[in-house]
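Trainee: got a sequence here, can you build the structure:
(one chain, ligands or ions: 1)
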Amino acid sequence: MFRPARADELHRLQALVVASINDLTVRHGFGELASVRPPTFQEFMFNDDPGGFFVAEDDGDIVGYAFSWACGDLWFLAELFIAPRLQGSGIGRELLRRTLRHADQAGATMRALVTFTFNTVSQGLYIRHGMFPRLPLSMFTVERKTLTKSVSGKQLEFRQAGPTDVVVMASFDKSALGVARENHHRCLLNDPAMRGFLLSDGGTCVGYAYVAQTGHVGPLAVIDSRLMGPAFEGALRIAADGAWAQLSAFLPGSCEASLRIAAEHRMRIALPMVLVSNRAFGAWDRYLPRNPGFL
Ligand SMILES: CC(C)(COP(=O)(O)OP(=O)(O)OC[C@H]1O[C@@H](n2cnc3c(N)ncnc32)[C@H](O)[C@@H]1OP(=O)(O)O)[C@@H](O)C(=O)NCCC(=O)NCCS
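Mentor: Below you'll find the model as predicted:
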């Protein structure tokens, strides 16, 4: 049975997501990478628009879950996970169909998501629904203590952002991604575990960056690709001042400036992923996503 998800289930659904991810990553030799986290983003988006949340039930058990968000012309599949024991029996296809209706209802013509590079099943399923693999993206990690010295000469000024900066921050998304995601910024700026910054170059605001309490950098956006290096380096420096053991960032394969810095710092690829979409979009040399669900 398929039905819309309820708000009081969002916590519980994360256990299904984690079990499904770890089953997949262990099978492919990456080990157990996921752990249950508070569904802060899911709850925020559910309150705004519950139309993209669905579950599949089998005899009273929840065995599948999908969550998509829509913003302007962009529909994004943030989560689609089936219990390992029932994979390959058509549940993913049905949930995907339902969330694609959410795209139609929202009037979003651009459809995208990020999936695991090594998952032939998910990529095949998305290709069958007109969404094609376009861009490699990888989660990079490094031990905080082993981070090397600063590698980029130019420096940008970082000023802590607040709720009144949402519109200007969203304008950088509009420029890099084609959609202004004010709600995403409200969610991040509301989260005590995140710090957002506006970046300036000689007094002109040129982008934004977030650093999480976990040591994760992103999302990050700049107005000019030549500023990506100093922006990413500056954000890594802020993350390196924290007390967490590891630093991480989710880097697009075409964002050479950020990849060069990651390599200089001896960051390691923890998880290779791929952006899948019905048509090309995004200036990925000017934008670093936060993670596969938030983008
Ligand atoms: C990916 C996932 C959501 C798919 O759901 P599912 O219920 O297992 O899949 P379904 O049975 O509905 O559909 C399987 C489809 O995958 C495709 N597929 C399977 N193996 C394939 C392969 N080797 N090559 C290409 N396509 C393949 C086919 O299109 C198939 O549909 P078909 O049999 O009608 O042709 C599910 O397997 C899962 O949760 N995997 C682990 C987590 C994950 O990767 N989630 C996606 C994150 S974005």
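
Trainee: need the longest helix for the chain.
Mentor: Longest helix in the chain, counting residues (DSSP state H): helix 10-27.

Trainee: that one - what's its average pLDDT?
Mentor: Averaged across helix 10-27, the pLDDT comes to 96.

Trainee: now the next helix or strand along the chain from it against helix 10-27, angle please.
Mentor: Where DSSP states H and E defines the elements, the next helix or strand beyond helix 10-27 is helix 40-48. In terms of direction (axes from the mean of the first three to the mean of the last three CA atoms, to 10 degrees), helix 40-48 departs from helix 10-27 by 140 degrees.

Trainee: quick one, strands of the stretch 151-295 of the chain?
Mentor: Under the criterion DSSP state E, counting those that start in this stretch, the stretch 151-295 of the chain carries strands at the ranges 157-160, 194-201, 204-212, 216-222, 246-252, 268-277, 287-288.

Trainee: which other helices and strands does the fifth one contact?
Mentor: Translated: strand 246-252. Contact here means 3 or more CB pairs under 8 Å, 6 or more residues apart in numbering; DSSP states H and E; on that basis strand 246-252 packs against strand 132-143, strand 216-222, helix 228-240, helix 256-264, strand 287-288. All C-beta spots, glycine's among them, are computed from the backbone N, C-alpha and C.

Trainee: quick one: which of those is nearest Phe30?
Mentor: strand 132-143 (10.4 Å; CB to CB).

Trainee: so where is the chain shaky, pLDDT-wise?
Mentor: Counting by pLDDT under 70, the chain contains low-confidence ranges at 150-152.

Trainee: quick check: domain ranges of it?
Mentor: According to automatic domain parsing, the chain comprises the domains 2-108, 141-288.

Trainee: measure the last one end to end?
Mentor: To tie it back to what came earlier, the one meant is domain 141-288. Distance between the boundary residues of domain 141-288 (CA to CA, to the nearest Å) amounts to 14 Å.
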